[in-house]
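*Asks:* Give me a model of this one.
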Amino acid sequence: MCALRELSEVLMEISEFLNSPTEEQIAQSYDKWLACYKKHYQRKCRAAYNKWKIGFSSRTLKNRLQARMKNELEDFRSIFLNDDEFEQVYDAEQKTIDYDGLSRFLFTHADRFGVSHIDPRPMFSQELLTLFNMVETWRQMQSDLQPKKRPAEKAEAAPVVDDLEQKVSSLIAKIQHLVAEDWSQHLTTLWKHIFTNFRSEISRAGSREKFKEFSKKTLYCIIGHLKTKGVYQEEVTVLELTKLLEGVNNGMRKYLNNGLMELDQSLSVRIKSFVEQEMERLVPKV
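*Replies:* Down below sits the predicted model:
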């Protein structure tokens, strides 16, 4: 009784399937055939195609592909009984196989190619295998005829973050609002050039300096010198600068007060000469 009930249900499914096909059933039918082809037959087809293709250089392959596509298209056309059938599966305007049309054609011509939807283990007839091999070969040829994409240009590397420059810039920014009016548009550039040229000296804290991340002494001496040269407002006192930079009034004030005099003579001369040249270049004297 159970077996008869199961048989009855299967027969009913078959009857419903054949009498009222749906878009979903058509898609499922083609997907089942395609999955079976990929699993059992596609590799052999690709191997045969690649064996043929490897005999040609990149210079001659294009002409060979075009000639073979012409022959393959005629062979593909011969599978169908007339032009109306062929038009269902091939888009002559786009010169490509219409896969939606192909799935519908296979579904509605089960007598010629087999039924897939109700068979859990579909087996390819020779006619169906020939058709799928042609479709796969055509797809491979179309892919090879596509212009090769140029390798994407490497995105410009993100600029390397200079940790020291960031720390120095953050400290200098504390007194940026005290810049003299004539230098408000040039202060950033001036400091950028000073840092670039004296990075090594700024980066090395002296043995007696308590702050070791970089040489505040060198930095404060330069600030003191720039103040005397009019880069920072004259009315601002050294005490105010010290408190803004250090948070409190401490011994670092003497470097701001004495400027380049606190540095080694050779370094002092180099910085003084460089600053004068940069100042003249950025804000020429009238």
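
*Asks:* mind checking how far residue 48 is from residue 130?
*Replies:* Distance of residue 48 to residue 130, given as CB to CB, to the nearest Å: 13 Å. Where C-beta positions appear, they are placed from N, C-alpha and C, glycine not excepted.

*Asks:* Residue 224 contacts residue 259, correct?
*Replies:* Yes. Between residue 224 and residue 259 there is a contact under CB atoms under 8 Å: 3.6 Å.

*Asks:* where do the strands sit along this structure?
*Replies:* 90-91, 96-97 (DSSP state E).

*Asks:* Mean neighbour count, these: which tops it?
*Replies:* Stretch with highest mean neighbour count among the strands of the chain: strand 90-91 (a mean of 17; mean count of other CB atoms under 10 Å).

*Asks:* sorry, back to before: of all the strands of the chain, which one is nearest residue 103?
*Replies:* With CB to CB as the criterion, residue 103 lies closest to strand 96-97 of the strands of the chain, at 10.8 Å.

*Asks:* So which elements touch that closest one?
*Replies:* strand 90-91, helix 126-145 (3 or more CB pairs under 8 Å, 6 or more residues apart in numbering; DSSP states H and E).

*Asks:* so can I have TSV of those showing mean pLDDT?
*Replies:* Below are the helices and strands packed on strand 96-97 laid out as TSV (pLDDT from 0 to 100):
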stretch	mean pLDDT
strand 90-91	88
helix 126-145	88
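
*Asks:* Let me know which of these is the nearest to residue 64.
*Replies:* helix 126-145 (9.7 Å).

*Asks:* Quick one: end-to-end length of stretch 93-112, please.
*Replies:* One end of stretch 93-112 sits 27 Å from the other (CA to CA, to the nearest Å).

*Asks:* what's the answer for stretch 206-224, then?
*Replies:* By CA to CA, the extent of stretch 206-224 from end to end equals 18 Å.

*Asks:* roughly how far is it from the heart of the chain?
*Replies:* The chain centroid and the centroid of stretch 206-224 are separated by 43 Å under CA atoms, centre = their mean, to the nearest Å.

*Asks:* Then stretch 79-87?
*Replies:* Counting by CA atoms, centre = their mean, stretch 79-87 comes out at 45 Å from the chain centroid.

*Asks:* from here on, count from 45
*Replies:* Right, with 45 as the first residue, what we last looked at is stretch 123-131.

*Asks:* what does it contact?
*Replies:* 121, 133, 149, 171, 174, 175, 178 (CB atoms under 8 Å, 6 or more residues apart in numbering).

*Asks:* can you list those residues in TSV and add neighbour count and distance to residue 249?
*Replies:* Shown next, in TSV, are the contacts of stretch 123-131 (neighbours: other CB atoms under 10 Å; distance: CB to CB, whole Å):
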residue	neighbour count	distance to residue 249
121	14	84
133	22	79
149	19	82
171	12	85
174	14	81
175	23	79
178	17	77
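
*Asks:* Could you dump these into a markdown table with distance to residue 323 added?
*Replies:* A markdown table is the format used below for the contacts of stretch 123-131 (distance: CB to CB, whole Å):
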| residue | distance to residue 323 |
| --- | --- |
| 121 | 83 |
| 133 | 80 |
| 149 | 83 |
| 171 | 89 |
| 174 | 85 |
| 175 | 82 |
| 178 | 79 |
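
*Asks:* ok, residue 100 to residue 67 distance?
*Replies:* From residue 100 across to residue 67, the span is 42 Å (CB to CB).

*Asks:* hang on, the earlier thing: would you mind putting the strands of the chain into JSON lines with distance to residue 298 alongside?
*Replies:* Converted to JSON lines, the strands of the chain look like this (distance: least, CB to CB, whole Å):
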{"stretch": "strand 134-135", "distance to residue 298": "86"}
{"stretch": "strand 140-141", "distance to residue 298": "82"}
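
*Asks:* Identify the residues contacting residue 108.
*Replies:* residue 100.

*Asks:* still on that earlier bit, relative to residue 221, tell me which of the strands of the chain wins on proximity.
*Replies:* strand 140-141 (67.2 Å).

*Asks:* what stretches of the stretch 45-194 of the chain score poorly on pLDDT?
*Replies:* Low-confidence segments of the stretch 45-194 of the chain (pLDDT under 70): 57-65, 158-166, 193-194.

*Asks:* try 50
*Replies:* 160-162 (pLDDT under 50).

*Asks:* residue ranges for the helices of it, please.
*Replies:* Here the stretch 45-194 of the chain has its helices, by DSSP state H, counting those that start in this stretch, at 46-63, 67-84, 86-97, 102-122, 127-133, 143-152, 154-157, 170-189.

*Asks:* Columns distance to residue 327 on top of those, output as a markdown table?
*Replies:* A markdown table is the format used below for those (distance: least, CB to CB, whole Å):
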| stretch | distance to residue 327 |
| --- | --- |
| helix 46-63 | 88 |
| helix 67-84 | 73 |
| helix 86-97 | 69 |
| helix 102-122 | 61 |
| helix 127-133 | 78 |
| helix 143-152 | 71 |
| helix 154-157 | 86 |
| helix 170-189 | 63 |
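
*Asks:* That's all I had, so thanks and see you.
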